[in-house]
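Participant: 3D, please:
(one chain, ligands or ions: 1)
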Amino acid sequence: MLLPKSGHMLNKIKIMKSIKLGLFGFGCVGKGFYEILQSNATYKNSIKTVVVKDQNKIRAIEASRLSYDKNDILLDEEIDIVVELIDNTDDAYFIVSEALKKGKKVITANKKMLANHLEELIQLEQTYGGILLYEAAVCGSIPIINILQHYYQEENLESIKGIFNGTTNYILTKVIKENLSYSSALQQAQSLGFAESDPTSDVEGFDPSYKAAIVAASAFGIFVKPDNIIRSGISGLQLLDIEYAKKNNWELKLQVQLQSKNGVVWLSVLPAFTNQTDPLANIAFENNTVVIQADYAKEQQFSGKGAGDFPTGSAVWSDLINIIDNKRYPYKKLKTNQNVLINPDGFIKVYVRSENGILDTSDLPWQELENHFKDKLDNYTIGYISLKQLKRIIKKYNSSIFVALLPDSEIKLNTAIKTKELETARF
Ligand code: HSE
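Facilitator: Purely as a prediction, here's the structure:
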């Protein structure tokens with residue numbers, strides 16, 4: 001039996017019929033999002049214009065919707081929802097800020113652009129009365145921004161850690177579990193559409209550092225420049241690192257960590273040896289996980305696909321549904337957390353490995369040493385080192401060293417770390 005439609009329902013149908021959105025970009029995520037809408041009768045006709053850059057590419061879009069001119073969306077007064085899914089950061093910044101200045105509702109998935117301009121974009125949103133949503137920018141299909149902005153809008157969080165990058169997790173799974181070469185695993189991640197157009201952003205940990213900066217605004221009410229985040233990637237990974245993990249029955253993951261304590265927030269993106277009992281230990285392939293420690297809710301874990309056309313397209317679609325309902329992020333914590341200290345110096349326990357000819361890792365400025373190992377090719381040292389020094393060393397040696405946290409690594413603020421005797425195993 002057909003039920004009579006309520007006034008609210010009729011109103012909603014009318015709104016849906018009148019939605020006119022403009023889509024920028026038709027890459028992996030843009031195409032995924034487009035196809036999701038095309039397969040859904042309610043949204044099928046909602047995309048008025050799709051603006052793309054390359055005029056030579058053949059695309060599965062009706063010619064009447066296709067354009068190469070950004071003004072066909074930005075200056076079209078009928079279009080009040082702008083979905084920005086392009087690769088170029090500067091162009092994305094222009095599109096998003098111009099659209100917000102026109103009071104439009106904007107959805108973006110551009111992590112780098114958001115991480116570098118979030119504070120300003122939120123101001124534009126508030127000044128001109130538009131809306132800015134970006135669920136798809138962090139961890140693909142996991143609705144982490146909504147969880148932080150709505151469920152946790154007031155509850156204090158102690159920490160957030162997770163796997164925020166699908167490409168590196170895919171590579172680590174393939175290399176460690178299936179003995180595939182690093183370059184073949186990266187190629188697979190690229191052809192599956194997980195990797196950035198320049199995969200340096202994935203493998204050097206830039207991409208998850210952008211996501212960490214975006215998460216910090218929702219979780220702790222702070223704006224962090226991505227450069228301020230302690231970051232090292234997986235491009236220096238060698239067999240010895242994998243053997244060291246296996247010998248200890250540990251997994252190896254590129255971990256994002258945000259820790260908040262007594263007015264200090266530390267943020268890092270570093271490979272980490274993880275115990276088998278760690279919620280991140282068995283997250284494989286392009287899956288992402290976010291683990292939250294909250295004052296009252298205690299530990300919560302969220303897992304799902306962190307990259308790919310439909311999983312990320314699903315997050316964009318969810319933003320679209322929210323934006324049609326005029327839902328915005330409340331940013332409650334921005335108003336209370338003004339005096340937080342971000343990444344002050346401290347000491348952290350790390351493993352640093354290098355080839356012998358490049359660096360003897362025991363020569364680094366360790367505050368406390370725990371272990372040093374050397375064979376014919378490589379050497380590694382484990383100990384406490386200052387965050388400032390660690391950043392400097394990562395910058396200097398980049399992928400000719402491999403840095404990883406230990407399962408019991410924690411940041412210590414004070415300098416009261418006693419220098420232990422060096423236990424050296426030399427072969
Ligand atoms: N390159 C990103 C990743 C895409 O691998 O996670 C999703 O943000």
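Participant: what's around whichever residue of the stretch 301-427 of the chain sits closest to the ligand, how many residues?
Facilitator: The ligand sits closest to residue 307 of the stretch 301-427 of the chain, with a gap of 3.8 Å, by C-beta to the nearest ligand atom. Placement of C-beta: from N, CA and C, glycine included. Using other C-beta atoms under 10 Å, residue 307 has 28 other residues around it.
Participant: if I read this right, it contacts residue 193, doesn't it?
Facilitator: Yes - between residue 307 and residue 193 there is a contact at 7.3 Å, judged by C-beta atoms under 8 Å.
Participant: what ranges do the helices span in the stretch 101-250 of the chain?
Facilitator: 111-128, 144-146, 166-178, 182-191, 200-203, 206-220, 239-247 (DSSP state H, counting those that start in this stretch).
Participant: From the contact counts, what lies against the fifth one?
Facilitator: Contact analysis of helix 200-203 by 3 or more C-beta pairs under 8 Å, 6 or more residues apart in numbering; DSSP states H and E lists helix 166-178 as its packing neighbours.
Participant: Buried residues in the helix it packs on, which are they?
Facilitator: 166-176 (16 or more other C-beta atoms under 10 Å).
Participant: so which of those comes closest to residue 231?
Facilitator: residue 168 (12.1 Å; C-beta to C-beta).
Participant: Report how many residues lie close to the nearest residue to the closest one once chain neighbours are set aside.
Facilitator: In this structure, residue 168 finds its nearest non-sequential neighbour in residue 254, 4.5 Å apart by C-beta to C-beta, 6 or more residues apart in numbering. The number of residues packed near residue 254 is 28, by other C-beta under 10 Å.
Participant: thought residue 254 was touching residue 162?
Facilitator: No - counting by C-beta under 8 Å, residue 254 sits too far from residue 162 to count as a contact (10.0 Å).
Participant: who wins for proximity to the ligand among the helices of the stretch 101-250 of the chain?
Facilitator: Among the helices of the stretch 101-250 of the chain, helix 166-178 sits nearest to the ligand (C-beta to the nearest ligand atom), with 3.4 Å.
Participant: what residues does the stretch 201-350 of the chain put near the ligand?
Facilitator: The stretch 201-350 of the chain comes close to the ligand at residues 202, 207, 306-307, as judged by C-beta under 6 Å from any ligand atom.
Participant: Most neighbours of all these, which one?
Facilitator: Result: residue 306 is most packed of those (other C-beta under 10 Å), 31 neighbours.
Participant: That one contacts residue 165, correct?
Facilitator: Yes - between residue 306 and residue 165 there is a contact at 6.8 Å, judged by C-beta under 8 Å.
Participant: what is in contact with these two at once?
Facilitator: Common contact partners of residue 306 and residue 165 (C-beta atoms under 8 Å, 6 or more residues apart in numbering): residue 288.
Participant: what sits against the residue minimising distance to the centre of the chain?
Facilitator: The centre of the chain sits closest to residue 211, judged by C-alpha atoms, centre = their mean, with a distance of 3.0 Å. Going by C-beta under 8 Å, 6+ apart, residue 211 touches 111, 115, 137-139, 164-165, 256.
Participant: Top of those residues by number of neighbours, please.
Facilitator: For the contacts of residue 211, neighbours tallied by other C-beta under 10 Å; top is residue 165, 34 neighbours.
Participant: That one and the ligand: what is the separation?
Facilitator: Applying C-beta to the nearest ligand atom, to the nearest Å, the value for residue 165 to the ligand is 4 Å.
Participant: likewise residue 136?
Facilitator: 8 Å.
Participant: How many neighbouring residues does residue 76 have?
Facilitator: Other residues within reach of residue 76, judged by other C-beta under 10 Å, total 16.
Participant: separation between the closest residue in space to residue 332 that isn't next to it in sequence and residue 412?
Facilitator: Residue nearest to residue 332 in three dimensions, not counting chain neighbours: residue 153, with 4.3 Å by C-beta to C-beta, 6+ apart. Using C-beta to C-beta, to the nearest Å, one obtains 31 Å as the distance from residue 153 to residue 412.
Participant: so residue 173 touches residue 285, yeah?
Facilitator: Yes - if you go by C-beta under 8 Å, residue 173 and residue 285 touch, sitting 5.2 Å apart.
Participant: What's the end-to-end length of stretch 379-395?
Facilitator: Taking C-alpha to C-alpha, to the nearest Å, stretch 379-395 runs 19 Å from one end to the other.
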